[in-house]
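Asker: Sharing a model that was predicted from the sequence below.
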Amino acid sequence: MTARAKINTQALRNNLQQVRNAAPERSIMAVIKADAYGHGLISVARALEQADGFAVACLAEAQQLRDAGIQKPLLLLQGVLNTAELTQAQELGLELVVHRSGQIDLLEQAANTVPIKVWLKVDTGMHRLGVALREAQDCWQRLLACASVVTPPRLMTHLANADNVDDQATQRQINRFLDLPMATEAECSIANSAGILAWPASHTDWMRPGIMLYGVSPFPNGEAALSGLQPVMTLTSQLIAVKTLLKGATVGYGGAWECPEDMPVGIVSIGYGDGYPRHAASGTPVLVNGQRVPLIGRVSMDMICVDLRTVPEAHVGDSVTLWGEGLAVEDVARYAGTIGYELLCQLTGRVVFEVV
Ligand SMILES: *Cc1c(COP(=O)(O)O)cnc(C)c1O
C-alpha cells in the first residue's frame, strides 16, 4: 500500500492570489526552495507562472528549473561560494544574493562577463546571513562600481520574528532597513509570509512568500483558512487492518498505549519511512473517512495505529488523510513538536505524488 501526496495546483494559484490581495501592486518572488517545500519543484514552478520570479536556496535547484525550461527570474538566496559557482550562476542567468563582502570580491574578479543582477542582503537582526549595518554603505558602493553587476543593485533583509505578531523586534528590523540611505534608490525586499500577512510596513517592492503559497499559516497558532489560504498538499493512505483489541492490550512498539476498554483499532499504511513524523504523539489527529480520530501508540516505519471507537464502521481499504484538505498540517505539527514547514519538506521517495 503506498501513501499518496496530491498536489492541488488550483490551491497554489489561489494562494498566490492571496499574496497579491495582501500586497497589491508589489512584485512577487515565490520561494520554491527545498523542492518547493516538498511539493515538487518543477510542477510548482509551472503552476505559479503568474509569479514575477522564483527564489531557491542553491545552484542545484536553479539548474533543475532551467533544465526544465523555466525562464523566469531566479534568485539564489545563498548566493555563490566561489568563482566556479559564479560562472555557473552567470551561465544560468541567475540573480544573486550578496550577503558577505567575499562575494563582492568574486564579482570584482570576474572581468569581461555579462553583468549579473544582485541583491545586497543586510543583516537587520536575524544574524544569520547578511552584511552588518555598518558595512552596508561600503558594500553598496563597491557593488555600484563593479562592472560585472547590473546597477543599481537591489536591497533585501530577512525578518527573524515576524511570526510573532506581538514582537516589536520586527518593527525595529523594518526601521533599520528603511533607514539605510540606499533604501530610497534601490528596489527593496523584506517580507516573508508572516511579513506579508501581519506586517504591512514590511511591504516593499518585492514580496518573498514561501509557506503561505502552500496553504499553511506561518503563525504558531494561526489558521491558514482565515487568510483565505487553501492547503496544496494532501497526504493520504489507507487502512490495511481493522481489529478489536481487548481492554488492557498495548499497541505497537514499547506498548506505549494501552486500550482502556475493548475497542476497534485501525492500522494505517504510513510511517516515518514515508516521512510521517515519528514524534507524532498519541492523540495526533488523523482523518478516517473524513472523521477525526486520534493516533495511538508509537509511529513505526511503515505503519501507524488509530483509535476507531468513534468510527466503528471503518474497514480495510478506507481512505485515511494524514494532513491537507480537512486536516491542517499545522495541527499535526503541533502534536509532533515541530512546524508544518518541516513536515511538508520531509516526505520520502516512497510517497507517490499526483499533481492535479
Ligand atoms: C525561506 C525564505 C523565505 C520564505 O519564508 P516563509 O516563511 O516560508 O514565507 C523568504 N525569504 C528568505 C530569505 C527565505 O530564506
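Answerer: Happy to help now that I have it. Residues are numbered from 1 along each chain as shown.

Asker: Pull out the buried positions in the helix or strand where Q141 lies.
Answerer: Mapping Q141 onto the secondary structure by DSSP states H and E places it in helix 133-145. Applying a neighbour-count criterion of 16 or more other C-beta atoms under 10 Å, the buried positions in helix 133-145 are 133, 136, 139-140, 142-143. In this view, the C-beta of every residue, glycine as well, is placed from N, C-alpha and C.

Asker: Which residue lies closest in space to whatever residue of the chain ends up closest to the ligand, excluding its sequence neighbours?
Answerer: Ranking the residues of the chain by distance to the ligand (C-beta to the nearest ligand atom) places G210 first, at 2.3 Å. Leaving aside its chain neighbours, G210 sits nearest to V31 (3.6 Å; criterion: C-beta to C-beta, 6 or more residues apart in numbering).

Asker: what about the one you found, distance to D262?
Answerer: 50 Å (C-beta to C-beta, to the nearest Å).

Asker: Looking at the two, which has the bigger crowd around it?
Answerer: When V31 is set against D262 and neighbours are counted by other C-beta atoms under 10 Å, the residue ahead is V31, at 25 against 12.

Asker: For that one, give the beta-bridge partners.
Answerer: Bridge pairing for V31 (DSSP bridges) gives the partners A55.

Asker: ok, now which ones touch it?
Answerer: For V31, the set of contacting residues under the criterion of C-beta atoms under 8 Å, 6 or more residues apart in numbering consists of 54-55, 77, 192, 208-210, 213.

Asker: what do you get for S269?
Answerer: Under the criterion of C-beta under 8 Å, 6+ apart, the contact list for S269 reads 1-3, 237-240, 302-303.

Asker: what packs against the biggest strand by length in the chain?
Answerer: Using DSSP state E to assign secondary structure, the strand with the most residues in the chain is strand 233-245. Contact analysis of strand 233-245 by 3 or more C-beta pairs under 8 Å, 6 or more residues apart in numbering; DSSP states H and E lists strand 4-7, strand 263-268, strand 319-323 as its packing neighbours.

Asker: Give me the buried positions along that strand.
Answerer: Judged by neighbour count using 16+ other C-beta under 10 Å, the buried positions of strand 233-245 are 233-240, 242, 245.

Asker: continuing past it, what's the next helix or strand?
Answerer: strand 250-251.

Asker: Can you give the distance from that following strand to the centre of its chain?
Answerer: In terms of C-alpha atoms, centre = their mean, to the nearest Å, the centre of strand 250-251 is set 35 Å apart from its chain centre.
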